[in-house]
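[1] Sequence and predicted structure below; questions after.
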Amino acid sequence: MDFNRVKVEVEDGVALLTLNHPEVMNAISIDMLEGLGEAFDFIEDKANGVRCVVMTGQGKGFCAGANLQGRNTSPAKKTNAGAVLESHYHPLLRRIRRLHCPIITAINGAAAGAGMSLSLMGDLKLAAKSAYFMQAFRRIGLVPDAGSTYILPRLIGVARSMELSLLGEKLPAQTALAWGLINRVYEDADLMSEAKKMAKELANGPTVSLALIRGLYWDSPENTFEEQLDLEFRTQRVAGDTDDFKEGVKAFLEKRPAQFKGR
Amino acid sequence: MAFDRVRLDIADGVAVLTLNDPQVMNAAGAPLLDEFLAALDSVDAPENGVRCLVVTGAGDSFCAGANLKERGLGVAKPVGKVLETHWHPLLRRLRRLHCPVVAAVNGPAAGGGMSLALACDLIVAVRSAYFLQAFRRIGLSPDVGSSWTLPRRAGVARAMELSMLGEKLPAPMALEWGLINRVVDDGQALAEAMKIARELAQGPTVALALMRQLYWSSTENTFEEQLDLECRSQRIAGETDDFREGVAAFLEKRPARFKGR
């Protein structure tokens, strides 16, 4: 399925979502954000049976961040650099947070500015060896956005977050892995096959439980200990009501692999 | 500047604030902290044009923490008092500062001295420096904000270990743990910190200040609150001359010349 600057291919329960504007290293435009909105409509549609998403970029970059070429730079105009966040970026971030299944980001090349923020929205983040991350915002006099000031310090701590954002230097994939920002680094040529393999494994999993797990970790840093215990309790009740739980227990007792249906 | 226990030097938009009581490893009592706060007034004053602050120590130590000798032995002074009168106002001033803060940790940073380093945005340390949660050694608990900053920089497991065991954390290990940003050869802390500070002092100061606020606030916020804060911050950054210059420089493929406004 082709959407505006985005394409989605579904195979065996895995939706491959590709940012598709390689001429500008998949820089994010309003067009692309609208395309992403439609792509997630498609992914969330039960009829399409998506149980895991892989997000990647077409060509040699993952995403170069906001598309600066398209904006009005005439000095007379005061830009409200915050408005498009609320109208377009934040709804997308919320949708990803609340997604019904796991999402993997396959970071095939540069992930800069808001493109870095987007790459960090993956539950699991896999990168090509040649990929790098860059908090480009300070280079043009802006601050980090698209959620990265929330996610970054929670992944790598405040010291390293400050450094990345204040200095705006490139962070190579290997260092990102050593810092715990991402989960795996693969040879460039192997990235997509490895990402698809991992996605297929997740797509065959107990989808309800996997979705609840990602919800628990999204909420965890916002909760007190008591609130989180309460959430674990309520969440486990939902997971315990699924067919997949019954199948999981049965398969365990019969010493065979479980066949999860995602419900 | 006429200070005794601190020194303040301002040049090229960079202010260097030196804790200056090397005989006691720059241990900080009320007199030193009074001067520290007064020096921050100069750092804050717009006419001084400070766009980055460096904090360091005179001699071979960064800061040994509270000055126990100045506690006035025999006088019953509540232990927490100087926190509320001096340290906490100092931490609040640093948190709200209009420009980035770089710590040049030129030697041991212990107790409140370790906490002070952790309150800075970027931390450069010499190889022989160490960080010490000395509190438990004298029967106290961590203060000067370190029970807040430490788990946010190094995680709870490591924070517990440092505070409960009270062992020295060598600078290279602190780097590996993500507690600090750079380790350099002995004697080079200030030089490296100045290199970073000069780079930051030529940066988009408004955006850099907003950025440090974002990270200070981040761990206190929910995701939704932080998105809201990013939105409000970006709106302010987007109205600066530096943003227009940054975009123009990007499109013209030349380095940006930021003015800090």
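    Arrived safely, thanks for sending. Bear in mind the structure is a predicted one, so any value in this text is a computation, not a measurement. Residues are numbered from 1 along each chain as shown, chains lettered A, B, ... in the order given.

[2] now the strands for chain B?
    Assigned by DSSP state E, chain B shows strands spanning B:6-11, B:14-19, B:52-57, B:101-105, B:109-110, B:122-126, B:130-132, B:168-170, B:182-184.

[3] Could you chop chain B up by domain?
    The record's domain split for chain B, according to automatic domain parsing, is B:6-201, B:205-251.

[4] Is it possible to get CSV of these that adds distance to chain A and mean neighbour count?
    Using the backbone N, CA and C atoms, a C-beta is placed for each residue, glycine as well. Listed next are the domains of chain B as CSV, based on distance: least, C-beta to the nearest C-beta, whole Å; neighbours: other C-beta atoms under 10 Å in any protein chain shown:
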stretch, distance to chain A, mean neighbour count
domain B:6-201, 5, 20
domain B:205-251, 2, 21
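
[5] Out of those domains, the one nearest residue A:135 is which?
    domain B:205-251 (8.8 Å; C-beta to C-beta).

[6] Can you report how many residues neighbour residue A:7?
    Using other C-beta atoms under 10 Å in any protein chain shown, residue A:7 is surrounded by 16 other residues.

[7] Repeat that for the one 10 residues further on.
    For residue A:17, the number of neighbouring residues by other C-beta under 10 Å comes to 25.

[8] quick one: low-confidence parts of the stretch 51-200 of chain B?
    The stretch 51-200 of chain B contains residues with pLDDT under 70 at B:71-77.

[9] swap the cut-off to 90 and go again
    B:66-81, B:137-140 (pLDDT under 90).

[10] what do you get for chain A?
    A:68-83.

[11] closest point of it to chain B, which residue?
    residue A:81 (2.5 Å; C-beta to the nearest C-beta).

[12] sorry, back to before: any chance of a markdown table for the strands of chain B, columns distance to residue A:100?
    As requested, those are exported to a markdown table (distance: least, C-beta to C-beta, whole Å):
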| stretch | distance to residue A:100 |
| --- | --- |
| strand B:6-11 | 56 |
| strand B:14-19 | 51 |
| strand B:52-57 | 46 |
| strand B:101-105 | 44 |
| strand B:109-110 | 48 |
| strand B:122-126 | 40 |
| strand B:130-132 | 45 |
| strand B:168-170 | 44 |
| strand B:182-184 | 43 |
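
[13] Go through the ones you listed and name the closest to residue A:32.
    strand B:122-126 (34.0 Å).

[14] what helices or strands is the helix or strand containing residue A:18 leaning on?
    Counting by DSSP states H and E, the element that carries residue A:18 is strand A:14-19. Counting contacts by 3 or more C-beta pairs under 8 Å, 6 or more residues apart in numbering or on different chains; DSSP states H and E, strand A:14-19 is packed against strand A:6-11, helix A:30-44, strand A:52-57, helix A:191-203.

[15] circling back: is it correct that the residue of chain A closest to chain B is in contact with residue B:244?
    No: the pair residue A:81 / residue B:244 is not scored as a contact, 10.7 Å apart, by C-beta atoms under 8 Å.

[16] sorry, back to before: how about the residue of chain A closest to chain B: what's its closest non-neighbour residue?
    Residue nearest to residue A:81 in three dimensions, not counting chain neighbours: residue B:238, with 2.5 Å by C-beta to C-beta, 6 or more residues apart in numbering or on different chains.

[17] The strand holding residue A:18 pairs with which strands?
    strand A:6-11 (antiparallel), strand A:52-57 (parallel) (DSSP bridges).

[18] Nice, that's everything, thank you.
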